[in-house]
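Chemist: Show me how the following folds:
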Amino acid sequence: MAPAKSQPSTPFASRELNGEVLLEELTDLRNAQIHQKHLNDLVVGLRDLEGVRVSEASQRLKQLAANRFSGTPALASLLVRWAAKLKAEADVPLLIAHFERVAITSAIVSAIRRAADTLKGAR
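Modeler: Okay, the predicted model is just below:
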């Protein structure tokens, strides 16, 4: 008999994780002037968590926040908050995917804003 897969904990099972939660986080990061480069660097850093147990993932997130993202307090704080929410093994890949979506959404929104600004300037 195959071992049962762990179920995601409440914050990661929420239907709003990659909806309202993502948009709120993106707004907060934009207001804190977190740039796309920081989000891309974060996604690259989070890929090291693939296949890692939840306790180690939580520790690594805190280390990532303290070391690599200490110069961006809003992003570091967000990582520490999410590290505390990791409870089940299923949460780790969901967290990685969430931050990938944050970075992708940020890039799309930025591109749309730049295009809108270009169109305004062309009038």
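Chemist: where do the strands sit along this protein?
Modeler: For the chain, strands defined by DSSP state E do not occur.
Chemist: any idea how far Gly121 is from the residue nearest to the spatial centre of it?
Modeler: For the chain, the residue nearest the mean C-alpha position is Phe99 (2.5 Å; CA atoms, centre = their mean). Separation of Phe99 from Gly121 (CB to CB, to the nearest Å): 33 Å. Yep, even glycine has a C-beta here, placed from its N, CA and C like the rest.
Chemist: how near is Pro73 to Asp28?
Modeler: 11 Å.
Chemist: Check Ala107 too.
Modeler: To Asp28, Ala107 is 17 Å away according to CB to CB.
Chemist: pull the longest helix from this protein.
Modeler: Determined from DSSP state H, the single longest helix within the chain is helix 91-122.
Chemist: So Ser106 is in contact with Thr27, correct?
Modeler: No - between Ser106 and Thr27 there is no contact under CB atoms under 8 Å: 10.4 Å.
Chemist: Of the two, which one has the most company?
Modeler: Using other CB atoms under 10 Å as the criterion, Ser106 and Thr27 rank with Ser106 on top: 21 against 11.
Chemist: For the more buried one, list the residues it contacts.
Modeler: Ser106 sits next to Leu26, Leu29, Arg30, Gln36, Leu39 when contact means CB atoms under 8 Å, 6 or more residues apart in numbering.
Chemist: let's see it at 6 Å
Modeler: Residues in contact with Ser106 (CB atoms under 6 Å, 6 or more residues apart in numbering) are Leu26, Gln36, Leu39.
Chemist: any low-confidence regions in this structure?
Modeler: 1-4, 123 (pLDDT under 70).
Chemist: let's see 90
Modeler: Low-confidence segments of the chain, defined by pLDDT under 90, are located at 1-6, 117-123.
Chemist: Need the buried ones from the contacts of Ser106 selected in ChimeraX.
Modeler: Filtering the contacts of Ser106 down to the buried ones (16 or more other CB atoms under 10 Å) takes a single ChimeraX command:
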select :26,39
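Chemist: need the contacts of Ser106 in JSON lines with distance to Leu86, can you?
Modeler: Formatted as JSON lines, the contacts of Ser106 follow (distance: CB to CB, whole Å):
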{"residue": "Leu26", "distance to Leu86": "21"}
{"residue": "Gln36", "distance to Leu86": "25"}
{"residue": "Leu39", "distance to Leu86": "20"}
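Chemist: Lovely, talk soon.
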